[in-house]
Structure formats: C-alpha cells, structure tokens
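Chemist: Output the structure for:
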Amino acid sequence: MAEDSPTPTIPDDVPTSVVYDMATETATHLSAHYVQLSRSAATEDERQRWWTRVIELRDAKDAVNAHDRATLLARISAWTAEIRALDEEHRG
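Modeler: Predicted structure coming up:
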C-alpha cells in the first residue's frame, strides 16, 4: 500500500484469503483507534459515541463474506481512509 495513497493497492494475484486477512487487520487497527478515543473522551456521551463506532465496525466486519473480494477491497479502502483521517485530525 502506498503511504500517500488513500486507497491501498492490492495486486490481483494476491489470494482473496490474504485480502480477507488484510481487511481484518485494518478493521482491528481502526477499532483500536476508536477504543483509544473512547478511553480519552471528555464526556460520557463522547465515550459512548466512540464505543458505538467500535460495535458498528465489528458488525460491518462480520457482515463481509470472506470470499467477496470486491467488498473486502472496498472495506479496506474505506477503513484505511478513516484511519488516516483520524490520524490527521489528532496529529494537527
């Protein structure tokens, strides 16, 4: 994946099982961001909003068919963009 690219580049010859693993890892990384934001929330409402995002992400990850390469790639792209947005937001 190119560091400055918002969309990961995954060659066609990468097995779908590996793409599934990548999607799972990406979701885990994003979930960790949400958990950290929940823990550092200033209010109970904010904490709950981030925790709700954790649950929604878990459900979205679980809903993806492990053999649906197109959906896996779309999720990786969306989740990577969200990770980058959160990193930018909290860096600057």
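
Chemist: What are the buried residues along the host helix or strand of Asp21?
Modeler: Using DSSP states H and E, Asp21 falls within helix 16-39. In terms of neighbour count (16 or more other Cβ atoms under 10 Å), helix 16-39 has its buried residues at 19-20, 22-24, 26-27, 30-31, 33-34, 37-38. (C-beta placed from N, C-alpha, C; glycine too.)

Chemist: Show residues contacting whichever helix or strand comes after it.
Modeler: Scanning forward in sequence from helix 16-39 by DSSP H and E, the next helix or strand is helix 44-63. Contacts of helix 44-63 from elsewhere in the structure, counted by Cβ atoms under 8 Å, 6 or more residues apart in numbering, are 23-24, 27, 30-31, 34-35, 37-39, 41, 75, 79.

Chemist: Can you give me the buried ones in stretch 65-72?
Modeler: In terms of neighbour count (16+ other Cβ under 10 Å), stretch 65-72 has its buried residues at Arg69, Leu72.

Chemist: which residues sit against that stretch?
Modeler: Taking Cβ under 8 Å, 6+ apart as the criterion, the residues outside stretch 65-72 that touch it are Thr16, Ser17, Val19, Tyr20, Met22, Ala23, Val64.

Chemist: if we can go back for a sec, how about the contacts of helix 44-63, which pair is most distant?
Modeler: Taking every pair in the contacts of helix 44-63 and measuring Cβ to Cβ, the maximum separation is 27.0 Å, between Ala23 and Ala41.

Chemist: what about the helix or strand Glu82 falls within, distance to the chain center?
Modeler: For Glu82, the element it lies in under DSSP H and E is helix 69-91. Relative to the mean C-alpha coordinate of its chain, helix 69-91 is positioned 5 Å out (Cα atoms, centre = their mean, to the nearest Å).
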